[in-house]
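A.B. asks: Quick one: sequence plus predicted model below, questions after.
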Amino acid sequence: MSELPLPLAFPLHGTRLIEASAGTGKTFTLAALYLRLVLGHGGDARGFARPLLPPEILVVTFTEAATEELRQRIRDRLAQAARAFVDGQATGDPILDGLLADYPDDDERRAAGQRLDAAAQWMDEAAIYTIHGFCNRMLKQHAFDSGSLFNLELNEDAGEEQFQAACDYWRTVIRRFPAAAAPGLRAAGLDGPQALLAAARPLIGHVQADDALPEPVALWLDTVGPQQALEQQARQALSEELPALRAWVAEALDQGWLHGATYKADKVPAMLDQLAAYAEGFPATGKDALKALGNFSSGGLRLNKKGLDQRPDLTCLDALQRVLESREDNAAPRTALIRHAAAWIERRVAMMRRQTATMGFDDMLTRLRDALADPANGPRLARVIREQFPVALIDEFQDTDPVQYGIFAALYADQPDTGWFMIGDPKQAIYAFRGADVHTYLQARQATHSQHTLGRNFRSAEAMVEAVNRLFEHGEEQTGDVFLMDGAIRFEAVSAKGRKDHLEIDGQPRAGAVLWVEDSAAPVSSGAYRQHQAACCAGEIARLLNGAAAGNTGFRDGQGLRPLRSEHIAVLVRNRTEAAAIREALARRNVRSVYLSDRDSVYATAEAFDLLRLLDACATPEADAKVRGALACATLAFPFAELDALNRDERRWEAMVDRFHGYRRQWQRQGVLPMLRTLLLDFSVPERLSRSLSGERSLTNLLHLAELLQQAAGHLDGEQALLRHLAETVEDGGPGDEAVLRLESDDDRVRVITLHKSKGLEYPLVFLPFPCAFQPVDGNRPPLLYHRDGQRRIDLEPDREAVALADRERLAEDMRLLYVGLTRAQYQCWLGVAPVKRGNGKRNQLPESALGRLLFGADGVADDGLSAALAPLAGDAIRVEPPPADNDVTHRPAERARPWRGAAHFAGRAGETWWIASYSALKQVDEDALAPADPRGDQLAEADPAPTAVDDDVEPQGIHAFPRGALPGLLLHDLLEQAGRDGFAATLARPEELDRRVGEALAARHWQDHDAVLRDWWRDALTTPFGLGDTAVSLDQLDVAVPELEFLFPARRVSVEALDALIRTHIAPGRPRPRLAADTLNGMLKGFIDLVFEHQGRYYVLDYKSNWLGPDDAAYTREAMTEAVLESRYEVQYALYLLALHRLLRARLGDGYRPDRHLGGAVYVFLRGLAGPDAGAVFERPPTELIEALDQLFVPGDHHAG
């Protein structure tokens, strides 16, 4: 009898671990275990105690995307199994056929099929969660037992809370330091709350939050005095001896006494300038300053043999040496301060969250862990959760950490009536930067006695599987511990199922790994290595695609050759620098690509900085400099010639500023996302970017940022708050999954993808151009994270041993990354090998990289060169060859022949013209009458029609001398609108804000001469009573007022002539006025009412008019204003406004609404006539019959003139 495959033989009870190497069917196995749990398959020996339903089977993975993929894969598998059980026929699937064999009875089999089908339909309720989602649900569902509040809100921005706590710490603790401590704090790199938080953040959550830590103030003060004395002595010595030192350095350079690599002639002057700055009192805390101090200290001065006897006799060198030694000795106070700050900040954030009933992502895990550890309620909570989920499957378990492992151990360890199945691969543990801890996985494996292995690769061609096996077996031979984990992670070769097709390149079958080996006599710099390998990689990709276009490169099976496409190729990189080098090289060869990363934030892009400028200009368009800066940014790319022309033409510049005023209005009314879309389209940004090399990437970033800002605006108050949020997020780098760069296109393109992002994915062809690149641990940039004796350490004062341990862990993770990269390939993988060096050294540092360690071990390469050393590896699965010599290849995409079908013929019926009209459209005959996007279009159309004849001998004074025209009118309107938004009475109570706005607006247009007039005018505008028939009121007396109320209602074939006739009949009948345009409104009627207010139970519309009727107050009589209203057809405007208000009141007040009681009328305020005989106001209350007739006119239907 043949051995059962693991998914069928696996016992479904107890604590068990499955190690699944890359490509061995981890998800397939998990889905099979799920099937068996639903069926209750396996009997007493291999099965669970009873069949389970989807809500009872806990599946935990580590990303939202993975949960959705798992849910769908399991649903599909359940549905497939249900069909097989109903049919009862062999499927050719060994798992399903094996299950069917255990149900020979037809009735049992059909019942099992029904159970599987019910489970498939129940998958929306399946308990498949991320670890954070699971913990959050448990805290809410079991609030009593976990001691949690019912209504805890999730705060996704822990950084803001930590920064606030750091500021509190600075005020509470650091302010107690005497002024004499300030230089020491600056020298320690702790010059403010932000710097302090950056230093303390890695320790938050890892320092015991108690009061037993050393008191930082006392420690600091013990050292600050002696340290300052040494610093002062060094500065004094430098001040006196710097000229002599400069002279000696000049001679030393001329005579060749100094070490050439350290003291390059073009770098030395900058070093001496750093010393001069230090002598003048500047703190030497930056990298360049510290380097200068070290290079010219007595212990750091490096001389050649011929210069050993020429050491300068200068006391400043010894003084600098004492300063550096003292700083090293005084690291303890800095460490104590940072540790104290980390614990204090952690406590303060916890207190803030308790006060606000919020929690962060990490709180979800720690609170559940702590609740389970509580001796009083913990056992009961664990029992309740086990009853809810008797079986738990933990996917990607190699990415766990001590808190997560502690939660599941508390729930399921040593519980015989449950199942806890961990599935992972320690060779793919690559997320240490997210807090994952492979040592925790190893601890869990050691505690789990039942361990299983998946050992057959279903992903890759046999030669590719053999290549990976051979490379890592070679690495084990070279090092004895290829994964650098003291043997805890071993490489076990896997077998290959193989593929039905194979790769052909230029008509020849190919598969496996290709090592491009540079046999350079001397090590190459990392930059040269990157550029050369990028060119080789891009050239080879262009050749492959050209071969595909020629019909001789692709994937052959029994049906023929399937051509290679760009999307079949992935280039795996570590970071955006490598990605940029590859994409640039591909673009030069006419190969299109996309970049995918799970670490790069959209807030760290150039577009984020541009968007900050754009929003700043839209928020404060009165500031000309901000508008110019926005126009000049790369996103708008306003040509400099046009920008210069704008600066020279005041009218054009005012029009541009006014455009930005419109963006601000749209932002305030519709939100930041619609506003940005309008702005980008107005400046043809998408069209321009589509023509550039990186345009799609830029446009994707802009739209992504706009979407994130729209989400953020939902919980922020106003434009300035959103601006601050964006500025702070850009500075912080924008953490969070939502901020990760998005794919800019799904078209057929080469995928340039980070190694971290590629995990879990597979590609036919994979290029690893830079596997010899590495970033060693820098001991001068603490804290360092490493493990000693299996325990995690965070070291703020690392010694050489700590640096070595941390760098070994860096190399170990690089090795795991290399394994992940190699196992993404289905058919073939290319790797660039070269003797690399870092910095100015001459030593071959290849063994410090993952591929170098894998190929050559820790000792490096013998003198016979890389190719000779790798010759034993060469064979059918691995090819060792020099990099391609000719990389100047241009991709020539094949033309796709498309048959000509002729132009399409429209056989339908043309629809009616549908448009959105505004009041101003009713007055236009031969112009485009579409409604503007914001009220400014109407306001510009209405502002200052031709004035009536006046006495030219009268010199205008005061507000009558204020400039006329659209822009001055808009300025007056803006001031009153802003006062309305802030509250008229509140504006009068705090007049300085509106005075400031007046000053800025006038200065932007060079109208400062009218400053005093406008300051008096707006106060008059707010306090001058206007008549409402039998009563009067001023703006500042209004309790209920809504500025700029927008309305929109349907107009179905409404005759403008019929509308005009109605209004002429009911408003000022018999008086002459211009006729409205002969047209038909079909679509929507839109408008913005300047002000809607309530007074004494009645509701009114009010509109501001800046019309200039004459040079003094006497011109603003009631008759003159009424004539202006009729001449400009404002009565049409207020009739439509009253119709909109009528419909609003009818909807809001319901059956209690009575037009004759509630609808007050319309007030038109002529802003230049406030001191006139009628206070510049015209009040009208049209008859109710008119409003009701208009209401009927705009009811859907045909309304042609008689």
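C.D. replies: Noted; the coordinates are in hand. Numbers count the residues shown, from 1 in each chain.

A.B. asks: Need the three-state assignment for Asp717.
C.D. replies: When classified by DSSP: H, G, I helix; E, B strand; the rest coil, Asp717 comes out as coil.

A.B. asks: Around Met138, count how many other residues there are.
C.D. replies: 26 (other CB atoms under 10 Å). Every C-beta, even on glycine, is put in place using the N, C-alpha and C of the backbone.

A.B. asks: OK, contacts around it?
C.D. replies: By CB atoms under 8 Å, 6 or more residues apart in numbering, the contact list for Met138 reads 146, 368, 385.

A.B. asks: By neighbour count, which of these wins?
C.D. replies: Leu368 (28 neighbours).

A.B. asks: If we ignore the residues flanking it in sequence, what's nearest that one?
C.D. replies: Spatial nearest neighbour of Leu368, excluding adjacent residues (CB to CB, 6 or more residues apart in numbering): Cys135 at 4.4 Å.

A.B. asks: cool, Glu240 as well?
C.D. replies: Cys316 (7.7 Å).

A.B. asks: low-scoring stretches of the stretch 751-900 of the chain, by residue?
C.D. replies: 862-864, 895-900 (pLDDT under 70).

A.B. asks: At which residues are the helices of it located?
C.D. replies: 755-758, 800-822, 850-856, 866-870 (DSSP state H, counting those that start in this stretch).

A.B. asks: could I get those helices as CSV with distance to Arg1005 and mean neighbour count?
C.D. replies: Below are the helices of the stretch 751-900 of the chain laid out as CSV (distance: least, CB to CB, whole Å; neighbours: other CB atoms under 10 Å):
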stretch, distance to Arg1005, mean neighbour count
helix 755-758, 51, 20
helix 800-822, 59, 20
helix 850-856, 63, 25
helix 866-870, 71, 18
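
A.B. asks: how many other residues sit next to the nearest residue to Gly539 once chain neighbours are set aside?
C.D. replies: Once flanking residues are discounted, Gly539 sits nearest to Asn887: 3.1 Å by CB to CB, 6+ apart. Neighbourhood size, Asn887 [other CB under 10 Å]: 19.

A.B. asks: Tell me if I'm right that Asn887 and Gln533 touch.
C.D. replies: No - when contacts are counted by CB atoms under 8 Å, Asn887 is not listed as touching Gln533 (10.1 Å).

A.B. asks: Just give me the residue right at the centre of this protein.
C.D. replies: Nearest to the geometric centre of the chain sits Ala739, at 1.8 Å (CA atoms, centre = their mean).

A.B. asks: so how far is Gln711 from that one?
C.D. replies: According to CB to CB, to the nearest Å, Ala739 stands 11 Å off from Gln711.

A.B. asks: For the stretch 501-650 of the chain, which segments count as strands?
C.D. replies: Ranges of strands within the stretch 501-650 of the chain are 502-505, 508-510, 512-517, 524-525, 554-557, 560-563, 569-573, 593-596, based on DSSP state E, counting those that start in this stretch.

A.B. asks: Pull up the pairing partners for the fifth one, direction included.
C.D. replies: In this case it means strand 554-557. strand 502-505 (antiparallel), strand 560-563 (antiparallel) (DSSP bridges).

A.B. asks: now, of those strands, which is deepest in the fold?
C.D. replies: Burial of those is given as mean neighbour count (mean count of other CB atoms under 10 Å); strand 502-505 ranks first at a mean of 20.

A.B. asks: top helix in this structure by residue count?
C.D. replies: Longest among the helix segments of the chain by residue count, using DSSP state H, is helix 216-255.

A.B. asks: tell me the mean pLDDT for that helix?
C.D. replies: The predicted model assigns helix 216-255 a mean pLDDT of 84.

A.B. asks: ditto for stretch 535-547
C.D. replies: Mean predicted lDDT for stretch 535-547 stands at 96.

A.B. asks: cool, and stretch 719-732?
C.D. replies: The pLDDT scores in stretch 719-732 average 84.

A.B. asks: Show me what it is in contact with.
C.D. replies: 159-160, 603-604, 608-609, 611-612, 615-616, 618-619, 664, 667-668, 672, 709, 712-713, 716, 739.

A.B. asks: ok but the residue nearest to Glu240 is inside a helix, no?
C.D. replies: Yes - the assignment for Cys316 is a helix, going by three-state DSSP.

A.B. asks: and it, how many neighbours?
C.D. replies: Cys316: 25 neighbours (other CB under 10 Å).

A.B. asks: Enumerate every residue touching it.
C.D. replies: The contact partners of Cys316, taken as CB under 8 Å, 6+ apart, are 234, 237-238, 240-242, 245, 296.

A.B. asks: Farthest-apart pair in those residues, please.
C.D. replies: Taking CB to CB as the measure, these span a maximum distance of 14.7 Å, between Glu240 and Phe296.

A.B. asks: which regions of the stretch 201-350 of the chain sit below the pLDDT cut-off?
C.D. replies: 208-221, 223-225, 285-286, 328-331.

A.B. asks: mind putting the strands paired with strand 554-557 in JSON lines, distance to Val1054 included?
C.D. replies: Listed next are the strands paired with strand 554-557 as JSON lines, based on distance: least, CB to CB, whole Å:
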{"stretch": "strand 502-505", "distance to Val1054": "68"}
{"stretch": "strand 560-563", "distance to Val1054": "59"}
